Structures are given as structure tokens and as C-alpha cells.
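[1] using only what follows, build the 3D model:
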Amino acid sequence: MSTTRIDLRPPPVLAIGVVGHRGAEIEDENAKAVAAALDSLLREIDALFRNIVAAERPFFADAEPLVRVVGTAAEGSELQAARGLGAEIACVLPFARDEYEQDFSAPAARDLARTIVSTAQSVFVLPGQRDEGARAYERANNVVLANIDLLLAVWNGARSDGRAGTGDVVQAAVSFGIPVIVIPVLSPPPAAGEPSMATRAPPKLLLSPGDDQLEHPIASDLTGAPLEALPRLLREIVAPPAGTDKRKGLADLYGEQPGRQPRRFEYPLLLKMFAVDRVRARGVAAQSQETSEPAPAPALAELWLRTQVIDSFSVHYGSLFRSSNASAFLLIIFAALFSATLMILFNVFGIWIFGQMLVTGLVLIDAAIGAKRRWHQRWLDYRLLAERLRCLRFLHPLGLGLDRATGLAWRPKQSWVEWYVRRSERALGPPSGEMRPEHVAGAARRLADVEIAGQIDYHRRAFRQFGLLEQRLAGVARWALWATTAVAALLGIVALVEWPLDPWRPLASLLLFALPAVTSAFAGVRAEADLVRLAERSAAAAVALARLRRVIGAAAPTYDRIAVAAMRAAAIMAAELSDWRFVLERRRARARRPALGGRRAQ
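    Residues are numbered from 1 along each chain as shown. Okay, the predicted model is just below:
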């Protein structure tokens, strides 16, 4: 890993989706009111966003704050207001451009859509077909929702008459936990002489019901909140989470030095002692065919570089924490040998206590250093962060997002890791280019033979390593226990028959001190690491991923199939990661043991 300093801060980007009724439903004065409302909202959001970034500048990269507006360029004024604001425009099209233009019957609407698409900073063309009907538009809407923080919807509040309508998009956003700002529109429009929609119904904010609310997430049934809550909402989306602990995690990440090598040897030594440091497992043979995927976008390549750096931090702190734990148990054996040696050499009553105190002091000092420098927490956080970002390497080229794939929707009180992943993902924006059949086939091969195959190989090695280490630790602990019993029995026999014991007394003392210590130490390693659970976790993940890889290989590659496969792969990786973190955090949770019904401060 290069030691070049890399800016790990995410660029300040806010992604806004837009969706709305077509011109047949918004006419004359109401069309002007919708355009004015969109323009006003976008300007207000842009100003609020820039103020938040300015206040939290140390947590973002030095790039200028960027508002990105994402839509399908459908008939209407959804993206028109963004052009005047100077925001970046990203278009997601269900069909090829020429085919998509056939959706617009009026020449003016066709020209507007053509202008918006031609001036957009990025255009992602999905492989939709006209005979798919509404499914092609649903696919495009889902890509839009996967790449935004907030949705602006020109909507009449009613459910859609058919699939892929505005009501469906709003409902999907609410179900996925995406905040929605609704600009109400009357359908049919008001009769002559009636008040316009601009004076009859102000915009409102729809939020998915939280865990503390017993409501169904049905958009048409939600009352909505006034826009006075918008500044607070944007701060919760854009600003890093409040709280000393959460911001401490971000500050630690930004201050890390790349290229550092662990200076601890205890955990590698433990693996070498039990001959599991170079465990091999049957690898998954990747196809040698060249994929026809386009080269990764610069933003995705830069994110992958950051992911590798963060992963190296995880390896560094994992080695420190594991070595610290291993040293505590290895020192138990050393303490027993040291104490026995002191007692034999100096023959002073109680001198072995001095040896035990010395070793115990070393263990406590090492544990205190690890706690102060947060080795355990940094290891867990950086591993979680790197693995979440790793999934974007195969999700982003398909226009997919992590939230839906992993089931982790946005919520006001998020961890700093969730905030960092979401801000990094939003900085990418939707992919650009046309998703042709050869690109779909290439994405399928890369998913199956690179991403999933790599994960299978990793988990097979982990399963074999943890399994062998568990077996060998248990075997040595049992052998030490039986050896202790044998030495004690032999000493008893020698005492009964009155054989001379003096020549063997030092060796017997060493064995009776050391062998129980070996049993305790290696049993402690097994209990502390929960090696059986870790091995089972890796085995389950490898089996699930191998099954998914077979399914991908057996099916003809289509965009929808590969999208489903990519989301399943991300879900499997997320579940495995959650279980891994649960296993490793149980010790800390047990150590704290909060009072029943107590609540730890955030």
C-alpha cells in the first residue's frame, strides 16, 4: 500500500430526485406555479446545504458544495428549474434516447426533454424495451431513488392509476426511508375563478414513520409536516452525526497515516505455533474471459482507492487488538514458568507472587493502551466501513444503491460509519453511459468471477483457519489437562513408594505450574475469540455466495437478473458482517453490563 497521503473526506454533495405529473395534468397558471415552487425550493435547499457544509467544513473534502438533481427527463418541469440554479443534472432513461423521445407527443415537450438530456452532466441509459410496458419506467425510477438523499414530487396525493406513476415513486421513496417534499397539484386543475394550487396547498414534507411510530408507511395516508422542518432535515442528512463519540470516530479516520505496519507479533506467533498461518482452501476458478464493461468512472476509481486505504487501517488495528488479546493469554503461560523458575532458583517463600504481579501489570498496561487508542473499536468500524464501500464496486455500475440492497434505510440518528458511507455513495452519482447487452454480460461475469468468487475464497480460508485453530487449541488444552493429571499422579506414586524425588522436583514444579496455565490460556483464547461461531459464520456466507454464483451462471444475463444478484450478494455480505461484528462486540457488551432498563447516553 502506498504511503502517499490520501484525502479520506467525502466531497460535499447533496442529491435530489425530481418526479412529477405530466403537462396534461398541469396547465397554464398551475404549470407556472409548479415551476416557481420548484425553483424556490431548489434555491432554498441549495442555500441551506451550502450553509451546513460551511459550518461542517473540516468533515468534507475541499471541493465546492454540489447539488445534483436526478430525474428521468419526463415531460414536465421537473429538471427545468435545476438548469437555472446551476445544479448538476443527471438523467436516467428507461430506453435509448431516440426511443425515449417517442414518449413525448408535443414538439415543445420533446424539445425540452432533448435539451435537458443533451445538457445533463451524466446520462444513464437502461436496457429497457417498449414491450415491457411500465416495467421499463419502474426500473428507471428505482435507479433514481437509489442515488438520491431527498425527493421533490409534484403530486396530487392520490395513488397511481397504473404502474410507475408519480404516486408509485412517492410510495417507493417512503418505503425506502427517503424524505419526500410534495408540491401539491390539483387533478383535474381548478376551474376558472378558483384559487390556484399555489395559494390552496403549500408544499409539505413526507417522512417514513420511524421505529417509535405505529403507522403504516403509506404515502397517500401520511399527513405530512410543514417545511419549517426542512433546515433540521437537511442538517440530519448532510452534517456528520452529533455526539463526541461519533465525531471522534471521523476525526480518527481522517487523521490516520496510510502504510503503517503493525508492530505486534503475538497473534501471528499464535497462528504459527498452531500451523494455521498459511492455511489454503480450494479456490474458485475465475473465468479468463475479458469483460466488456466500460472502465470505472473516475469517482468510483477514487472511492476504491479510499476503500483499500481504509481496509489497510482495519488490518492494522485488527492485528494490534488480536495481538494484545493473544499476549494476555500467552503471558499466563509465561507467568507460570517465570514464577516457577523464581521459586526454584531462589527458594524464597512467596517469590512467585512477585512474578505473577509483574506479568499481570504488563497485561493491564497493554489493555489500557489498547482501550485508550481504541484498537478494538477502530478495527470494527474500519472493517464495516471498508466492506460497505466494497459493495459499491459492483452495485454502482448497475445504478443500484446500498440502502435497498442491505436494508439499511436512512434515519435521523445514524452512526458516523453510516453517514460516511452514504456521503461517499452520493458523491458518486448515477453511472453514466448506455447499459448495452454486452455490458450486462460483462457485469455478470465480473460479479460472479471477481466479486463473489473473491468473497467465497476469503470465507473458505477463514472457515478453515478458524476451524483448525479451534481444533488445535482444544487438543493442546486437553493434552495439557491430561498431562497435569499424569504428572500429579506420578508424583503421588513416587511419594507412596518413597522413591527419591529431589532430582525431579524442579521439573515437576515447572510442569505443575505450566500445564494448568496452558489449559487455561488456550481455553481462554477459544472462548474470547468464539472461533466456532466465526467458522460457522464464514461457512454459511461461503455456501450462500457459492449458491448465488451458480444461479448467476445458469441464467441468461439480463439487467434485472444481474441487479437482483448484485443486491443479494450485498445482502449476504451485510448479514455476514453484522454477525461478525456481533460476535466480536459481545465481550465488550458483557463487560459493560448496563443496569436492566438503563439507557446509555448517546
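[2] ok, Pro184 - how many residues close by?
    20 (other C-beta atoms under 10 Å). Backbone N, C-alpha and C define where each C-beta goes, glycine included.
[3] then Arg526?
    Other residues within reach of Arg526, judged by other C-beta under 10 Å, total 17.
[4] hang on, it in a strand?
    No: assessed with DSSP: H, G, I helix; E, B strand; the rest coil, Arg526 is helix; it does not lie in a strand.
[5] please name the nearest non-neighbouring residue to it.
    By the measure of C-beta to C-beta, 6 or more residues apart in numbering, the closest residue to Arg526 outside its immediate chain neighbours is Leu473, 5.2 Å from it.
[6] so how far is Ala523 from that neighbour?
    8 Å (C-beta to C-beta, to the nearest Å).
[7] between the two, tell me which one has more neighbours.
    Leu473 (23 against 18).
[8] wait, the more buried one sits on Gly524?
    No: Leu473 is beyond contact range of Gly524, at 9.7 Å (criterion: C-beta atoms under 8 Å).
[9] still on that earlier bit, doesn't the residue nearest to Arg526 belong to a helix?
    Yes: counting by three-state DSSP, Leu473 is found in a helix.
[10] and it, what does it touch?
    When contacts are counted by C-beta atoms under 8 Å, 6 or more residues apart in numbering, Leu473 touches Phe274, Phe522, Ala523, Val525, Arg526, Leu531.
[11] now Asn147
    Ala15, Gly17, Val70, Ala90, Gly399, Gly401, Arg426, Leu428, Gly429, Pro430.
[12] where does the fourth one sit: helix, strand or coil?
    This points to Ala90. State at Ala90, reduced to three classes by three-state DSSP: strand.
[13] isn't it right up against Arg426?
    No: assessed by C-beta under 8 Å, Ala90 is found out of contact with Arg426, at 11.3 Å.
[14] what touches both of the two?
    Arg68, Asn147.
[15] quick revisit: most neighbours among the contacts of Asn147, which one?
    Neighbour max across the contacts of Asn147 (other C-beta under 10 Å) = Val70, 30 neighbours.
[16] quick check: the residue nearest to that residue when sequence neighbours are not counted vs Val525, distance?
    Nearest in space to Val70, with sequence neighbours left out and distances taken as C-beta to C-beta, 6+ apart, is Ala90 at 4.6 Å. Per C-beta to C-beta, Ala90 is found 52 Å from Val525.
[17] go on, Ala371?
    Counting by C-beta to C-beta - Ala371 and Val525 are separated by 20 Å.
[18] between those two, which is the more surrounded one?
    Set side by side, Ala371 and Val525 give different neighbour counts by other C-beta under 10 Å, the larger being at Val525 (22 against 13).
[19] need the contact list for the more buried one.
    Leu270, Asn325, Ala326, Phe329, Leu473.
[20] quick revisit: now do the contacts for the residue nearest to Val70.
    So Ala90 contacts Arg68, Val69, Val70, Gly71, Ala120, Gln121, Ser122, Val123, Phe124, Asn147, Gly429, Pro430 (C-beta under 8 Å, 6+ apart).
[21] since we're on the fourth one, how many residues are nearby?
    By the measure other C-beta under 10 Å, the count of residues near Gly71 is 26.
[22] quick check: it touching Val92?
    Yes: contact status for Gly71 versus Val92: in contact at 7.4 Å, counting by C-beta under 8 Å.
[23] if I look at the residue nearest the centre of the chain, how far off is Phe49?
    Nearest to the geometric centre of the chain sits Arg388, at 2.8 Å (C-alpha atoms, centre = their mean). Per C-beta to C-beta, Arg388 is found 24 Å from Phe49.
[24] with Gly162 instead?
    35 Å.
[25] with Ala74 instead?
    25 Å.
[26] the two: which is more packed in?
    Ranked by neighbour count (other C-beta under 10 Å), Ala74 and Phe49 place Ala74 first, with 26 against 22.
[27] quick one, what contacts the more buried one?
    Here Ala74 is in contact with Val19, Gly20, Arg22, Asp103, Ala113 (C-beta under 8 Å, 6+ apart).
[28] could you do Tyr317 as well?
    Trp375, His376, Arg378, Trp379, Tyr382.
[29] same question, Leu358
    If you count contacts by C-beta under 8 Å, 6+ apart, then Leu358 has Ala335, Phe338 around it.
[30] in terms of pLDDT, where does Leu501 sit?
    Listed pLDDT for Leu501 reads 57.
[31] rebuild the contacts of Leu473 as JSON lines, extending it with pLDDT and distance to Ser339.
    Putting the contacts of Leu473 into JSON lines (pLDDT from 0 to 100; distance: C-beta to C-beta, whole Å) gives the following:
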{"residue": "Phe274", "pLDDT": "85", "distance to Ser339": "25"}
{"residue": "Phe522", "pLDDT": "81", "distance to Ser339": "19"}
{"residue": "Ala523", "pLDDT": "82", "distance to Ser339": "20"}
{"residue": "Val525", "pLDDT": "80", "distance to Ser339": "21"}
{"residue": "Arg526", "pLDDT": "80", "distance to Ser339": "24"}
{"residue": "Leu531", "pLDDT": "83", "distance to Ser339": "29"}
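[32] wait, which of those is closest to Ala574?
    Leu531 (22.6 Å; C-beta to C-beta).
[33] what's stretch 128-136 in contact with?
    The contact list for stretch 128-136 (C-beta under 8 Å, 6+ apart) reads Pro94, Phe95, Glu99, Leu126, Tyr137, Arg139, Ala140, Gly162, Arg163, Ala164.
[34] what pLDDT is listed against the first one?
    pLDDT for Pro94: 94.
[35] how much space between the nearest residue to Ile237 once chain neighbours are set aside and Phe176?
    Spatially, and ignoring its direct neighbours in sequence, Ile237 is nearest to Asp149 (5.2 Å; C-beta to C-beta, 6+ apart). Distance, Asp149 to Phe176, using C-beta to C-beta: 12 Å.
[36] out of the two, which sits in the more crowded spot?
    Asp149 (23 against 20).
[37] surely the more buried one meets Trp410?
    Yes: under the criterion of C-beta under 8 Å, Asp149 makes contact with Trp410 at 7.5 Å.
[38] report the set of residues contacting both of the two.
    Residues touching both Asp149 and Trp410 by C-beta under 8 Å, 6+ apart: Ile178, Pro179, Ile237, Arg422.
[39] could I get these as a markdown table with distance to Ala488 and secondary structure?
    Output for the shared contacts of Asp149 and Trp410, formatted as a markdown table (distance: C-beta to C-beta, whole Å; DSSP: H, G, I helix; E, B strand; the rest coil):
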| residue | distance to Ala488 | secondary structure |
| --- | --- | --- |
| Ile178 | 68 | coil |
| Pro179 | 70 | coil |
| Ile237 | 67 | helix |
| Arg422 | 61 | helix |
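[40] pull the distance from the helix or strand encompassing Lys272 to the chain's centre.
    Lys272 belongs to helix 266-273 when elements are defined using DSSP states H and E. When C-alpha coordinates are averaged (C-alpha atoms, centre = their mean, to the nearest Å), helix 266-273 and its chain have centres 30 Å apart.
[41] buried residues, that helix. List them.
    Glu266, Tyr267, Leu270, Leu271 (16 or more other C-beta atoms under 10 Å).
[42] one more: stretch 131-143?
    In stretch 131-143, counting by 16+ other C-beta under 10 Å, buried: Ala136, Tyr137, Glu138, Arg139, Ala140, Asn141, Asn142, Val143.
[43] likewise for stretch 214-228?
    Buried residues in stretch 214-228, counted by 16+ other C-beta under 10 Å: Pro217, Ala219, Leu222, Gly224.
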